[in-house]
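Colleague: Compute the structure for the input listed below.
(chains A, B, C and D)
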Protein chains: 2
Amino acid sequence: MNNEHDRLTIQQVADTTGLSVHTLRYYERIGLIHPIGRAENTHRRYSLEDIGWINFLNKLRATGMSIQEMQVYAGLQRLGDETLPERLEMLKRLRHTVEERIAELQENLKIVNYKIDLYQKIVSEQTPPIAVP
Amino acid sequence: MNNEHDRLTIQQVADTTGLSVHTLRYYERIGLIHPIGRAENTHRRYSLEDIGWINFLNKLRATGMSIQEMQVYAGLQRLGDETLPERLEMLKRLRHTVEERIAELQENLKIVNYKIDLYQKIVSEQTPPIAVP
DNA sequence: CTACAACTTAGAGTATGCTCTAAGTCAAGC
DNA sequence: GCTTGACTTAGAGCATACTCTAAGTTGTAG
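Modeller: Next comes the predicted model:
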């Protein structure tokens, strides 16, 4: 299933996922990533599935999910298909919080825009394009 | 301009702004809030303008602006109207980053939704509404 | 008068999420 | 044989943003 070409070093994974090698080891240590397979020399070798999982973790992080919640999710994932309903619930809750977060940002954006308009007016009044004597 | 009714205690401000009294003192200490006026007994007394500023700070924080950037903004604000163009620039940059953040969240939401749909299907197949022999 | 609540300060402590260091192993190239 | 570079581990350190503690003051109520 995985030939030698599919098995990447930690540095390669860092380059392709955007996580640092430190962070990759950290994620593995805290259980976000399952124990990665090793080459004969004890060096980690990541499979393509591992990359897929790490990319998904990155998406979860980008939604603002905390490390702790991701640990729960990763734990459920490892328990197999019978935890699908729980993971589904987590994702639905995540969707909800992300939607709320977007709405909040849009509200705050309005306020920022209002302030920009206000300041823009004052600034343009102070320094008209061409001074008229 | 400010009568006794307009001058709130730190606890009242905490209640109305949602910040803790600790955070209010912390914000003042690091220059996010200018030195608040005191009653005869050295206790802080916040004016309505102070409340307005604190509420604005809360909006900036909610957009994800860092404390450090807010310190810069607060510093410019204290320098008066001649810093309006700089503050305008900061707000425009903020608008941009918030718009990007919203777009990113919406992208990630798509992925979460895709996963929800997928899991939903699997789960509903595993446990049909009524088992048919 | 004393108890209490609300405040004050300086400074220490905490949670989160990394990020780095030190010391060591190992394979490949010169 | 030796250097180089990529990896390994355990554990320390760091940036951010609070959050809390200890010790003290003050004004009011009983």
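Colleague: Could you pull up the residues touching A:Leu91?
Modeller: Taking Cβ atoms under 8 Å, 6 or more residues apart in numbering or on different chains, we find A:Leu91 in contact with B:112, B:115-116, B:119. The C-beta positions use only the backbone N, C-alpha and C, and glycine is treated the same way.
Colleague: I'd like those residues as a markdown table, with neighbour count appended.
Modeller: Listed next are the contacts of A:Leu91 as a markdown table, based on neighbours: other Cβ atoms under 10 Å in any protein chain shown:
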| residue | neighbour count |
| --- | --- |
| B:Val112 | 22 |
| B:Lys115 | 18 |
| B:Ile116 | 18 |
| B:Tyr119 | 19 |
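Colleague: Would you mark the buried spots in stretch A:41-58?
Modeller: A:44-46, A:50-51, A:53-54, A:56-57 (16 or more other Cβ atoms under 10 Å in any protein chain shown).
Colleague: Run the chain-centre distance for the longest helix belonging to chain A.
Modeller: The longest helix of chain A (DSSP state H) is helix A:84-126. Counting by Cα atoms, centre = their mean, to the nearest Å, helix A:84-126 is centred 18 Å from the centre of its parent chain.
Colleague: quick one: that helix near DNA strand C?
Modeller: No. Helix A:84-126 stays clear of DNA strand C (Cβ under 7 Å from any atom of the strand), getting no nearer than 13.2 Å.
Colleague: residues touching the residue of chain A found nearest DNA strand C, list them.
Modeller: Closest to DNA strand C within chain A is A:Ile67: 3.1 Å, counting by Cβ to the nearest atom of the strand. By Cβ under 8 Å, 6+ apart, the contact list for A:Ile67 reads A:30, A:32.
Colleague: So for it, what's the pLDDT?
Modeller: Looking at A:Ile67, its pLDDT is 98.
Colleague: ok, now how distant is it from A:Asn55?
Modeller: Per Cβ to Cβ, to the nearest Å, A:Ile67 is found 17 Å from A:Asn55.
Colleague: got the contact list for A:Asn108?
Modeller: Going by Cβ under 8 Å, 6+ apart, the list of residues near A:Asn108 reads B:59, B:62-63, B:98.
Colleague: same thing with A:Ala14?
Modeller: A:20-21, A:23-24.
Colleague: near DNA strand D, anything from the host helix or strand of A:Phe56?
Modeller: Per DSSP states H and E: A:Phe56 is located in helix A:48-62. No. Between helix A:48-62 and DNA strand D, judged by Cβ under 7 Å from any atom of the strand, nothing touches; the nearest distance is 12.2 Å.
Colleague: Please report which of the contacts of A:Ala14 has the highest neighbour count.
Modeller: A:Leu24 (22 neighbours; other Cβ atoms under 10 Å in any protein chain shown).
Colleague: Just give me how far the host helix or strand of that one sits from the chain centre.
Modeller: Assigned by DSSP H and E, A:Leu24 belongs to helix A:21-29. From the chain centre to the centre of helix A:21-29 is a distance of 15 Å (Cα atoms, centre = their mean).
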